[in-house]
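Chemist: How does the following fold in three dimensions:
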Amino acid sequence: MRQEVFFLWRPQLKDPGDDFVLEIAVAANCDAIVTHNLRDFAASSHLGVRALSPAQFLTVIGSAK
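Modeler: Purely as a prediction, here's the structure:
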């Protein structure tokens with residue numbers, strides 16, 4: 001399946017090369033992006049997607065039990 005690209009809101013992130021990851025997360029209605037690169041994904045929250053470190057993610061899913 002192909003995903004339509006929305007260039008009108010780009011660039012959103014510190015590293016424009018990461019914008020495609022954010023766009024996919026938004027299109028897939030994801031709650032979070034799990035990354036070691038938290039600084040570059042800090043602005044992802046503007047589009048409703050949290051940036052979590054792997055450790056933070058494990059804490060979140062561990063508390064969901």
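Chemist: quick one, phi/psi of the residue most central in space within the chain?
Modeler: In the chain, the centroid-proximal residue (Cα atoms, centre = their mean) is I33; its distance is 3.9 Å. Dihedral pair for I33: phi -110, psi 130, per degrees, to the nearest 10.
Chemist: Test my guess that it contacts A42.
Modeler: No - I33 is beyond contact range of A42, at 10.9 Å (criterion: Cβ atoms under 8 Å). From N, CA and C alone the C-beta is placed, and that goes for glycine too.
Chemist: which residues do these two both contact?
Modeler: Here I33 and A42 have A51 as joint contacts, going by Cβ atoms under 8 Å, 6 or more residues apart in numbering.
Chemist: tell me which element R39 is part of?
Modeler: Using DSSP states H and E, R39 is not contained in any helix or strand.
Chemist: now it, nearest residue through space, not along the chain?
Modeler: K14 (6.7 Å; Cβ to Cβ, 6 or more residues apart in numbering).
Chemist: In contact with that neighbour, which residues?
Modeler: Contacts of K14 by Cβ under 8 Å, 6+ apart are 39-40, 42-43.
Chemist: Am I right that it is in a helix?
Modeler: No - using DSSP: H, G, I helix; E, B strand; the rest coil, the assignment for K14 is coil, not a helix.
Chemist: Low-confidence ranges, the chain, go.
Modeler: Where the chain drops to pLDDT under 70, the residues are 1, 3, 5-10, 65.
Chemist: all helices of it, in order?
Modeler: 19-27, 54-63 (DSSP state H).
Chemist: what about those helices, which gets the closest to E4?
Modeler: helix 19-27 (8.3 Å; Cβ to Cβ).
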